[in-house]
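Trainee: using only what follows, build the 3D model:
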Amino acid sequence: MLERNELTTWLQKLADADPVERRCAAEALAAGDERAVYPLIRALRDDNPGVQDAAMRSIIAIGGEATAYMALPLLRENPFLRNTARIILHHIGRPSVPLLRPLLADKDDDIRTFALDLVGDIGWCEYQSDIARLLKTDPNQNVRASAAKALGTLGDRGALPSLIAALTDSEWVSFSALEALSLLKDESCESAVRELLSGPSEALRYAAIETLGRIGSPRSSLALVDRLSHAGTGEKSAIVKSLVQIGLTPSMAEVGDLLIEMFTRGDWEERLIALRGLADLADRRAIPVILDIAGSLDPSDPENEERLILARQALEKFGCVPALTAVLADPAIKFRGKVLAIEVIGDLQCPEAVPSLIAQMEGDLREVRRASILALCGIGGEQALRELRLRINDRDGHVRRCAIAALGRSGDRESFSAILSHLDVENYRDVLEETVQALLRIDAAALYAQRGALVPFVRETMARFASGIDMLITLSRDTDPAVRLAALSGLGRSEDERSTARMTEALRDENPEARKIAIAALGARRCCLDDLRSALADADPWVRLTAVRAFGESGSPEAGKALIPLLYDREAPVVLATIETLERLGAGEAVRLAALQNHPDAAVRERVAEVVERLC
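Mentor: Got it, this is the predicted structure:
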């Protein structure tokens, strides 16, 4: 909230010759009160759009019933100020609504219409009966139409008789009444809406069809089905669309044709409705049509992401039908459409599609080949496994990786030798990692027996993914540091006594990273504090820091005594870690008593001051 002198200053600047100053003043007055409203309303007439916009936003920010009252007269101004007033009153919301009630009796038709539109936009009021009265008696059809819309938005079921009666009003009012009834979704209006289906107005017939669809009751559904056989082509499409939205796709001969036409020629909103209907009907003729159109979408466009997902879900509802597999050999289907079909086949795990998928592996389209190998991975079976074995040395790295991973998951012992040989020729690290994991899954012992002939990176990968204690302990003594570290990290995740013994041994490893891994693992297990004491004096500061934290993991106040000398460590990070750990152990008094207030490192001095302040 602005102080009085600040408010005065900004109000003065609102009349500045510089539009930048006026805009800044209008923005600042958003923190003012009702005293700023009239000056801001005057600023709405400024010749600078930036000032006008800032003034409008500030009026909205001040808000409240008094502000709404002051903005009401703008409804009688020129179109710009009138629309601005509507925006302001709408954003102020409920406080505006009681002030709009007297306007319902205004002599100006437009004012009555604006008031009703605002009530509908705000979506709340306590005088629905007044609005219903206007729907019945107001001489202006725009007012009656706005009254109907407002009653629908307010969800006033007590107004149902008035809305039903309004269906016989002028076409414009009838449209609004239908819109309101579609929001209320009360099947008691079904008979009255149904009568419009046989009326002379084509526009009203379409609106009535849409309303019955939105009501979605059994009676409204039956009304649409009954009308279907008597409707013209355009109406039939609208009826089918409404029935699909209800979830009741009629299984009539021509419905499939209408839905295919809708999917082919409609916009995407209609296409998504048609997708649902075609999937419900399981009309297999639609499969190539769906794939052709969905295949034309660019998957990198975020707008297409949901469309492709829905197309895929619709296709999955057809199941493993021959029509789905047949598109793989259809040259008219775009490659993205084929990829989509293959993905669906993989999700459905259609075994009868395996020969067609194998045939796709002989092509040159990279995305199609990759999708095919993924589908074969998902389907499995001996025929698919034979193809996967052939693809261990495929020219495409993604294909190789998928094939090898699938063989690993299947535990296919017949492929072990070929996968092992592949280690010597693979160039991509991610494929090598997948190869090692597959070999571990198929026969970890056989791979372990070959460790002496394997390059360090492969041994390191073994250490990262192995789970056997014997293998990890052996690899943790490897001559290559990276292999040793990976194996020690694996042992750190084990609670086995042998792993604890190996970690204790690793405290003397020549590599400081190995010592840090061992310290962290032992600290997490809250054991071996006597063994860890030597690490507090390690030559490497980061090893000492890790040891400090490991002592903190023990949760024992006795551990704090061993840490006190580290308060005088020559490295500031170690000192900071020691302070934090001592506090956690309840030994903060040792920090207060330490002569650290004059430590050369500012961060240490600041941390000590915080501890001292808490203790005092």
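
Trainee: now do the helices in the stretch 1-150 of the chain.
Mentor: Using DSSP state H, counting those that start in this stretch, the helices of the stretch 1-150 of the chain run over 4-13, 19-28, 37-43, 49-62, 64-71, 79-92, 97-100, 109-122, 128-137, 141-154.

Trainee: pick the most deeply packed of those.
Mentor: Comparing these on average neighbours per residue, with mean count of other Cβ atoms under 10 Å, the densest one is helix 141-154 at a mean of 24. No exception for glycine: its C-beta is placed from N, CA and C like everyone else's.

Trainee: just checking, what packs against the following helix or strand past it?
Mentor: Next helix or strand after helix 141-154 toward the C-terminus (DSSP states H and E): helix 160-165. On a contact count with 3 or more Cβ pairs under 8 Å, 6 or more residues apart in numbering; DSSP states H and E, helix 160-165 meets helix 128-137, helix 141-154, helix 171-184.

Trainee: picking that back up, for the helices of the stretch 1-150 of the chain, could you give me a markdown table that also reports distance to residue 185?
Mentor: Putting the helices of the stretch 1-150 of the chain into a markdown table (distance: least, Cβ to Cβ, whole Å) gives the following:
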| stretch | distance to residue 185 |
| --- | --- |
| helix 4-13 | 50 |
| helix 19-28 | 44 |
| helix 37-43 | 41 |
| helix 49-62 | 33 |
| helix 64-71 | 32 |
| helix 79-92 | 25 |
| helix 97-100 | 24 |
| helix 109-122 | 17 |
| helix 128-137 | 18 |
| helix 141-154 | 10 |
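
Trainee: format those helices as a markdown table; extra columns: mean pLDDT and distance to residue 168.
Mentor: Formatted as a markdown table, the helices of the stretch 1-150 of the chain follow (pLDDT from 0 to 100; distance: least, Cβ to Cβ, whole Å):
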| stretch | mean pLDDT | distance to residue 168 |
| --- | --- | --- |
| helix 4-13 | 89 | 56 |
| helix 19-28 | 94 | 50 |
| helix 37-43 | 95 | 43 |
| helix 49-62 | 96 | 41 |
| helix 64-71 | 96 | 37 |
| helix 79-92 | 96 | 31 |
| helix 97-100 | 96 | 28 |
| helix 109-122 | 96 | 20 |
| helix 128-137 | 95 | 12 |
| helix 141-154 | 96 | 12 |
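
Trainee: and residue 374, which of these is closest to it?
Mentor: Closest of the helices of the stretch 1-150 of the chain to residue 374 is helix 141-154, at 49.0 Å (criterion: Cβ to Cβ).

Trainee: dump the closest one to PDB, keeping only the CA atoms.
Mentor: Below are the C-alpha coordinates for helix 141-154, written out as PDB (Å, rounded to 0.1, in the frame of the first residue of the first chain):
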ATOM      1  CA  GLN A 141     -34.000 -10.000 -28.500                       C
ATOM      2  CA  ASN A 142     -30.300  -9.300 -27.700                       C
ATOM      3  CA  VAL A 143     -31.300  -8.800 -24.100                       C
ATOM      4  CA  ARG A 144     -33.300 -12.000 -24.000                       C
ATOM      5  CA  ALA A 145     -30.500 -14.000 -25.700                       C
ATOM      6  CA  SER A 146     -28.000 -12.700 -23.100                       C
ATOM      7  CA  ALA A 147     -30.400 -13.600 -20.300                       C
ATOM      8  CA  ALA A 148     -30.600 -17.100 -21.600                       C
ATOM      9  CA  LYS A 149     -26.800 -17.400 -21.800                       C
ATOM     10  CA  ALA A 150     -26.400 -16.100 -18.300                       C
ATOM     11  CA  LEU A 151     -28.900 -18.500 -16.800                       C
ATOM     12  CA  GLY A 152     -27.000 -21.400 -18.500                       C
ATOM     13  CA  THR A 153     -23.600 -20.200 -17.200                       C
ATOM     14  CA  LEU A 154     -25.000 -19.700 -13.700                       C
END
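
Trainee: which residues does it contact?
Mentor: Outside helix 141-154, the residues that touch it by Cβ atoms under 8 Å, 6 or more residues apart in numbering are 109, 112-113, 116-117, 119-121, 123-125, 128, 131-132, 134-135, 138, 159, 162-163, 166, 169-170, 172-173, 175-177, 179-184.

Trainee: report how many residues lie close to residue 561.
Mentor: Residue 561: 14 surrounding residues under other Cβ atoms under 10 Å.

Trainee: check residue 420 too.
Mentor: Neighbourhood size, residue 420 [other Cβ under 10 Å]: 20.

Trainee: pretty sure it contacts residue 440?
Mentor: No: counting by Cβ atoms under 8 Å, residue 420 stays clear of residue 440, with 11.4 Å between them.

Trainee: quick check: neighbours shared by these two?
Mentor: By Cβ under 8 Å, 6+ apart, residue 420 and residue 440 have these common neighbours: residue 447.
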